[in-house]
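>>> got a sequence here, can you model it:
(2 chains)
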Amino acid sequence: MERIDISLSVNGTTYERSVEPRRLLSDFLRDDLRLTGTHVGCEHGVCGACTVLLDGDSVRSCLTFAVQCDGASIRTVEGLGEIGALDPLQESFRKHHALQCGFCTPGMLMTAVDLLAKYPLSTDDEIREGLSGNLCRCTGYVNIVSAVREAAAARGNDKA
Amino acid sequence: MKPPAFEYVVAETVEEATARLAEYGDDARPIAGGQSLVPMMNFRLVSPAVLIDIRKIAPPDTIEEADGHVRIGALTRHRALETSPLIADRFPVVTAAMKHVAHLAIRNRGTIGGSLCHADPAAELPAIAVLLDARISVARQGGERTIEARDFFEGALWTAVGDDEIVTRIDLPLLPPGAGWGFHEFARRHGDFGLAGAAATVTKSAGRATEVRIALLGVGETPVRAHAAEALLTGSDFGPDAVAAAAVAVRDGIDPTDDLHASADYRRHLAGVLAERALADAWGRAGNGAS
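All right, here's what the predicted structure looks like:
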């Protein structure tokens, strides 16, 4: 099958690659760019582990073809922070022990980034509803909700 | 799983997209947000030979009012509909329904045209289209036609859109002034497809209902209007007996099926309960004596 040339920005770096049309964005990030922070769980848009930001909006990278991202700007968990310089949201996840095995964490974090940008998140119900598209199978959700709650409150303080 | 291989072309105009569809016939599928199509491809339930990417057909998110209706471009994303001040003002029932559509990441990407064409009988937007008597415009090479929502949905995942056609826009005729609305859906988890759902609008004058609409999702092959219940309530004072009789008519008028998630009897019961709640909300929100 004919490959297609695409150019896109991931975490501020521009990549030019030639991809098969059927290449999912999730596989493109992991296998072609070796950015393995984005995890692949269900591959049909249910688990949320593969969530990344596409032009600022959270999307399922397993439900997006890489060819559809030609010219786009992607942000993955690698673009959020790094060891020694974590994003406040990541710090909050660490503080609240909002992860155990870590498989769902990249998707939780990138979903939370978009939720924090778009919603007031003034109640736990709103946080839970926002995170309802991301599945965690080990910690339960209480600590994750706590971490996002603190990040939402800190964001409010920043704005004030 | 991984999707099967396909050929990929980008169409930047409606004309280009319809020319490509005419060329490839039913081997091709248009793709916009891909939030229904890509899961089906990943499961290998569908294997189009060609995907025609229509995402660049401008403008993407268009929601505007003109001549007694609100016109929504087919490439408008669910998120744009959810957050549109115009929609919140003219069709708050749509704003309420959008909050039940999957999750933020899906709403960020999925389009209105895509949801209508996917035609899942449990999806919110098709039921809303049927509730609001939407008119759906489709284009094919050298022509365009408009399909009434009641004629659009022909079966589960099956619409009146031909293999050589794409949806270009949806027009929602404005409701009468003072119309009240209600939307209730029951899902096992937030964001899942509803086991059943009901949407209603009510217009009243001098304490009596002058127009009543009820649409149901998840209870059959397509979204349906509960015409018998609408007729029972039109002209009534929405007293308990009238509403109870309407709920019976809702239950009697549908033919849901059993599946893994719920029995047909449970769905029928649920549809009646949700319709009663949606009707109560709509009656409560309706302005009296609207002119």
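>>> please make it C-alpha for all contacts and neighbour counts, starting now.
Will do.
>>> off-centre distance for the top helix by length along chain A?
Counting residues, the longest helix found in chain A (DSSP state H) is helix A:142-159. In terms of C-alpha atoms, centre = their mean, to the nearest Å, the centre of helix A:142-159 is found 17 Å from the chain centre.
>>> and for it, what's in contact with it?
Applying C-alpha atoms under 8 Å, 6 or more residues apart in numbering or on different chains, the external contacts of helix A:142-159 come out as A:88-89, A:92-93, A:95-99, A:112, A:116, A:120-122, A:124, A:127-128.
>>> where does chain A have low pLDDT?
Low-confidence regions of chain A, defined here as pLDDT under 70, cover residues A:1, A:156-160.
>>> please enumerate the strands of it.
Here chain A has its strands, by DSSP state E, at A:4-10, A:13-19, A:51-54, A:57-60, A:73-75.
>>> quick one: distance of the third one to the chain centre.
Here strand A:51-54 shows a centroid-to-chain-centroid distance of 5 Å under the convention C-alpha atoms, centre = their mean.
>>> what packs against that strand?
Using 3 or more C-alpha pairs under 8 Å, 6 or more residues apart in numbering or on different chains; DSSP states H and E, the elements in contact with strand A:51-54 are strand A:57-60, strand A:73-75, helix A:105-118.
>>> in contact with the residue of the stretch 151-291 of chain B found nearest chain A, which residues?
Residue nearest to chain A within the stretch 151-291 of chain B: B:His190 (6.5 Å; C-alpha to the nearest C-alpha). Residues near B:His190 by C-alpha under 8 Å, 6+ apart: A:Glu129, A:Ser132, B:His100, B:Ala102.
>>> A:Asp125 versus the second one, what's the distance?
It refers to A:Ser132. As defined by C-alpha to C-alpha, to the nearest Å, A:Ser132 lies at a distance of 10 Å from A:Asp125.
>>> so which of the two has more stuff around it?
More neighbours surround A:Ser132 than the other of A:Ser132 and A:Asp125, with 22 against 11 (other C-alpha atoms under 10 Å in any protein chain shown).
>>> leaving aside the residues next to it on the chain, what's closest to that one?
B:His190 (6.5 Å; C-alpha to C-alpha, 6 or more residues apart in numbering or on different chains).
>>> which SS class is that neighbour?
Look at B:His190: counting by DSSP: H, G, I helix; E, B strand; the rest coil, its state is coil.
>>> for A:Gly133, see how far away it is.
From B:His190 over to A:Gly133 the distance is 8 Å, taken as C-alpha to C-alpha.
>>> and for these two, which residues touch both?
Any residue near both B:His190 and A:Gly133 by C-alpha under 8 Å, 6+ apart counts here, and that gives B:Ala102.
>>> please, which helix or strand holds B:Ala129?
In this assignment (DSSP states H and E), B:Ala129 forms part of helix B:124-131.
>>> ok, which stretches of the stretch 101-250 of chain B are helices?
Along the stretch 101-250 of chain B, counting by DSSP state H, counting those that start in this stretch, helices occupy B:104-107, B:112-118, B:124-131, B:149-152, B:227-233, B:240-252.
>>> can you redo those helices as TSV with mean neighbour count and mean pLDDT?
Converted to TSV, the helices of the stretch 101-250 of chain B look like this (neighbours: other C-alpha atoms under 10 Å in any protein chain shown; pLDDT from 0 to 100):
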stretch	mean neighbour count	mean pLDDT
helix B:104-107	26	97
helix B:112-118	24	97
helix B:124-131	27	98
helix B:149-152	20	98
helix B:227-233	19	98
helix B:240-252	18	97
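>>> distance to chain A added to those helices, as a markdown table?
What follows is those, written out as a markdown table (distance: least, C-alpha to the nearest C-alpha, whole Å):
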| stretch | distance to chain A |
| --- | --- |
| helix B:104-107 | 4 |
| helix B:112-118 | 14 |
| helix B:124-131 | 17 |
| helix B:149-152 | 26 |
| helix B:227-233 | 33 |
| helix B:240-252 | 30 |
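>>> of these, which is nearest B:Ala198?
When the helices of the stretch 101-250 of chain B are compared by C-alpha to C-alpha, helix B:124-131 sits nearest B:Ala198, at 8.3 Å.
>>> contacts for that closest one, please.
For helix B:124-131, contacts defined as C-alpha under 8 Å, 6+ apart pick out B:94, B:97-98, B:100-101, B:112, B:115-116, B:119-121, B:135, B:149-150, B:153, B:172, B:199-200, B:213-217, B:223-225.
>>> likewise stretch A:115-132?
Contacts with stretch A:115-132, where a contact means C-alpha under 8 Å, 6+ apart, come from A:108, A:111-112, A:145, A:148-149, A:152, A:155, B:103-104, B:189-191.
>>> that one spans what distance, first to last residue?
By C-alpha to C-alpha, one end of stretch A:115-132 lies 12 Å from the other end.
>>> quick one: contacts for the closest residue to A:Glu2 other than its chain neighbours?
Residue nearest to A:Glu2 in three dimensions, not counting chain neighbours: A:Glu20, with 6.6 Å by C-alpha to C-alpha, 6+ apart. By C-alpha under 8 Å, 6+ apart, A:Glu20 lies in contact with A:Met1, A:Glu2, A:Arg3, A:Ile4, B:Ala5.
>>> hmm, A:Arg3 and the last one touching each other?
This points to B:Ala5. No: counting by C-alpha atoms under 8 Å, A:Arg3 is not a contact partner of B:Ala5; they are 10.9 Å apart.
>>> neighbours of B:Gly207, how many?
B:Gly207: 15 surrounding residues under other C-alpha under 10 Å.
>>> that older thread, list residues touching both of B:Ala5 and A:Arg3?
Taking C-alpha under 8 Å, 6+ apart as the criterion, B:Ala5 and A:Arg3 both touch A:Glu20, A:Pro21.
>>> got the residues of chain B near chain A?
Chain B comes close to chain A at residues B:1-8, B:33-35, B:38-39, B:42-43, B:53, B:102-106, B:108-109, B:189-191, as judged by C-alpha under 8 Å from any C-alpha of the partner chain.
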